[in-house]
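Engineer: coords below, sequence missing:
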């Protein structure tokens, strides 16, 4: 019964994570930086230490302030970067500084040794890790608002690394939180690519691992753990877990889809920078770089251009609801 309960929790977490959206983006044409790999969205090997990230995350949770209203942070995360009340946001972020410093250290660690997981329990600190992810996203948004793009990219790097490390735990409830963190950071990239003179991250997004947060091993581990039950119970648990595992794979793939869609948007910015600030009629017209396909359908993203505006879409995959879809409504501003 406990395993069935955990299964239902996983299904609930995945359902909550589905958030198909229509997003309007106003873009500035932007060439690739020089060198093309100038900006890294994960730390380089030579920047990492041999330390273990897990104790640092535990300390970061201990340092979280207790006098901050979470509703205010959620409200600011829905506020466009250019409309943020910067002084108020900065004042709030100062309260999180000790935790954020520890998370930055954790993101530079090569190791992330989560303890063995008891399948009859829920993972600890999930809400606290989620809170830290929200604050990291808010910090990136403030840095974007202040034109501190390199600092914002550094925060995005920390956020993506934390997402991957949280997603390395041997339990799906925590791993799904890692995937959700990756989605939070993608929202800040949406803010960054709309900012005037912001660097083009096409090549940076293209070097991210696929999947960005890999849940395959945890699914396999959960299935392997069933061998301790007799045949009839094992078949029953496998049947109960199968829909949850299918949904988990869907959300894992959706994060990679978000990243690929953003890289496609950056390819459009590259094209516009080389073609008088105009969108291509078709994605196949982009020859400056390779345009990524939708990693779910393995086909090009759906694209329509109507003069100064364009739409980039990733329809809901077969068997999914419209909440699984992505739609970017795009328009261009002339570069400075």
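Structural biologist: Nice, I can see it. Everything quoted here is computed from the prediction, not taken from an experiment. Residues are numbered from 1 along each chain as shown.
Engineer: wait, a strand at residue 36?
Structural biologist: No. Counting by DSSP: H, G, I helix; E, B strand; the rest coil, residue 36 falls outside a strand, being coil.
Engineer: can you check the pLDDT for the nearest residue to it once chain neighbours are set aside?
Structural biologist: Of all residues not flanking residue 36 in the chain, residue 203 sits nearest, at 4.3 Å (CB to CB, 6 or more residues apart in numbering). Where you see a C-beta, it was placed from the backbone N, CA and C, and this is true even at glycine. For residue 203, the pLDDT comes out at 97.
Engineer: who's in contact with residue 138?
Structural biologist: Contacts for residue 138 (CB atoms under 8 Å, 6 or more residues apart in numbering) come out as 73, 76, 77, 89, 92, 93.
Engineer: so which residues of the chain form helices?
Structural biologist: Assigned by DSSP state H, the chain shows helices spanning 2-17, 53-62, 70-77, 86-95, 97-106, 126-145, 149-166, 172-192, 202-206, 216-224, 231-274.
Engineer: quick check: bridge partners of residue 329?
Structural biologist: residue 24, residue 311 (DSSP bridges).
Engineer: ok, the contacts of residue 138 vs residue 211, which is closest?
Structural biologist: Nearest to residue 211, judged by CB to CB, of the contacts of residue 138 is residue 77 at 24.5 Å.
Engineer: now do that closest one, the pLDDT please.
Structural biologist: Per-residue confidence (pLDDT) for residue 77: 93.
Engineer: tabulate the helices of the chain (a markdown table), appending distance to residue 318.
Structural biologist: A markdown table is the format used below for those (distance: least, CB to CB, whole Å):
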| stretch | distance to residue 318 |
| --- | --- |
| helix 2-17 | 17 |
| helix 53-62 | 37 |
| helix 70-77 | 32 |
| helix 86-95 | 41 |
| helix 97-106 | 38 |
| helix 126-145 | 30 |
| helix 149-166 | 27 |
| helix 172-192 | 21 |
| helix 202-206 | 26 |
| helix 216-224 | 20 |
| helix 231-274 | 11 |
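Engineer: related to what we said a few turns ago, does the residue nearest to residue 36 really touch residue 37, like I thought?
Structural biologist: Yes. Using CB atoms under 8 Å, residue 203 is in contact with residue 37, at 5.7 Å.
Engineer: which one's more surrounded, these two?
Structural biologist: residue 203 (19 against 13; other CB atoms under 10 Å).
Engineer: need the contact list for the more buried one.
Structural biologist: Applying CB under 8 Å, 6+ apart to residue 203 gives the contacts 32, 33, 36, 37, 289.
Engineer: out of those, who has the most neighbours?
Structural biologist: residue 32 (20 neighbours).
Engineer: for residue 300, give its distance to residue 260.
Structural biologist: Going from residue 300 to residue 260 by CB to CB, to the nearest Å gives 11 Å.
Engineer: make that residue 118, sorry
Structural biologist: 36 Å.
Engineer: go on, residue 162?
Structural biologist: In terms of CB to CB, residue 162 sits 21 Å off from residue 260.
Engineer: what do you get for residue 34?
Structural biologist: Distance from residue 34 to residue 260, by CB to CB: 24 Å.
Engineer: out of the two, which sits in the busier spot?
Structural biologist: Shown here are residue 34 and residue 260; by other CB under 10 Å, residue 260 has more neighbours (23 against 7).
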